[in-house]
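Engineer: test case, fold it:
(one chain, ligands or ions: 2)
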Amino acid sequence: MIELKQISKKYTEHTTVLNNIDLTIKKGEYIAIMGPSGAGKTTLMNIIGCIDSCTGGKYILDGNDVSSYNDKEKARLRNEKFGFVVQDFGLISSMSVFQNIQIPLLYRKNKKGNQKEKIEEILKKLKLLDKINDNVNNLSGGQRQRVAIGRALVNSPDVILADKPTGALDQATGKEVMDIFTELNNEGKTVIIVTHDEQVAKCCNKIIHVVDGKVKAM
Ligand SMILES: Nc1ncnc2c1ncn2[C@@H]1O[C@H](COP(=O)(O)OP(=O)(O)O)[C@@H](O)[C@H]1O
Ligand SMILES: [Mg+2]
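Structural biologist: Ligands and ions are numbered 1, 2, ... in the order given. Next comes the predicted model:
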């Protein structure tokens with residue numbers, strides 16, 4: 001469970017992006033985060049995903065106060081608990097599908113276990129197994145985003161954080177990507193998606209609006 005208690009974020013003394021936010025996200029929720037450009041949606045996602053820290057308040061994740069964690073502890077948590085998906089896919093273009101999905105596994109202490117089997121299983125689910133050795137440059141946008149989702153899944157995270165995951169895709173391809181998130185949510189994962197697209201938000205069970213430094217659940 002994600003519990004933000006009176007969370008604030010200031011980038012400088014005079015720019016308060018998030019202002020005393022209270023937000024609880026339970027395991028298995030499927031949430032859309034909406035709001036105007038510059039409202040602080042990405043900042044909120046980065047705090048939830050332990051990429052960034054709040055400057056005020058407390059972040060309790062699964063009962064632990066992670067706002068007190070140091071960078072190393074946060075990095076470990078980030079790699080184990082969260083899977084990230086971004087608008088422009090964030091893939092390494094000189095690498096194959098397999099290599100891109102493998103990246104998070106290289107940062108794990110315990111490198112045992114059958115990585116290849118795990119990656120193949122994920123690719124099968126994402127209907128990309130036949131592309132396993134292809135360079136990601138040779139894939140379509142929708143395929144690339146599915147590879148990025150594969151990379152987000154490879155450490156079996158509890159929570160998927162997707163920042164405008166359909167923003168660079170046409171509507172039909174975006175729908176395919178949303179179907180994957182819906183399936184992952186049905187399997188029990190918490191899914192949190194930043195979007196400007198009403199159709200995307202409709203797939204989710206709850207919409208949270210970020211406006212003027214505050215959050216409003218709808
Ligand atoms: N690293 C940063 N340093 C300074 N200001 C930032 C930084 N990141 C974001 N901001 C500012 O914080 C505000 C919120 O940004 P962001 O969270 O990216 O909004 P959104 O994702 O809703 O468009 C914006 O005014 C942006 O310019
Ligand atoms: Mg943003």
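
Engineer: state the pLDDT value of residue 113.
Structural biologist: Looking at residue 113, its pLDDT reads 70.

Engineer: could you report the neighbour count for it?
Structural biologist: Per other C-beta atoms under 10 Å, the neighbour tally for residue 113 reads 10. For the C-beta atoms, the positions are set from N, CA and C on the backbone; glycine is no exception.

Engineer: residue 43 too?
Structural biologist: Neighbours of residue 43 (other C-beta under 10 Å): 18.

Engineer: and what about the most centrally placed residue in the chain, helix, strand or coil?
Structural biologist: Nearest to the geometric centre of the chain sits residue 161, at 1.7 Å (C-alpha atoms, centre = their mean). With DSSP: H, G, I helix; E, B strand; the rest coil as the basis, residue 161 sits in strand.

Engineer: and if you look at residue 10?
Structural biologist: Assigned by three-state DSSP, the conformation of residue 10 is strand.

Engineer: just residue 24 next, same as before
Structural biologist: Of the three states, residue 24 takes strand under three-state DSSP.

Engineer: contacts only, for the nearest residue to it once chain neighbours are set aside.
Structural biologist: With sequence-adjacent residues excluded and distances taken as C-beta to C-beta, 6 or more residues apart in numbering, residue 24 is closest to residue 3, at 5.2 Å. Counting by C-beta atoms under 8 Å, 6 or more residues apart in numbering, residue 3 touches 23, 24, 58, 59, 60, 61.

Engineer: between those, which sits nearest residue 118?
Structural biologist: Top of the list for closeness to residue 118, among these and by C-beta to C-beta, is residue 61 at 24.5 Å.

Engineer: leaving out chain neighbours, which residue sits closest to the closest one?
Structural biologist: Of all residues not flanking residue 61 in the chain, residue 2 sits nearest, at 6.0 Å (C-beta to C-beta, 6+ apart).

Engineer: ok, now which ones touch the one you found?
Structural biologist: 23, 24, 25, 48, 59, 60, 61, 159, 190.

Engineer: wait, a strand at the fifth one?
Structural biologist: Same thing as residue 59. Yes - applying three-state DSSP, one finds residue 59 inside a strand.

Engineer: tell me who's in contact with it.
Structural biologist: Residues counted as contacts of residue 59 (C-beta under 8 Å, 6+ apart) are 2, 3, 4, 5, 7, 47, 48, 65, 66, 67.

Engineer: distance check, it against residue 152.
Structural biologist: In this view, residue 59 and residue 152 are 21 Å apart by C-beta to C-beta, to the nearest Å.
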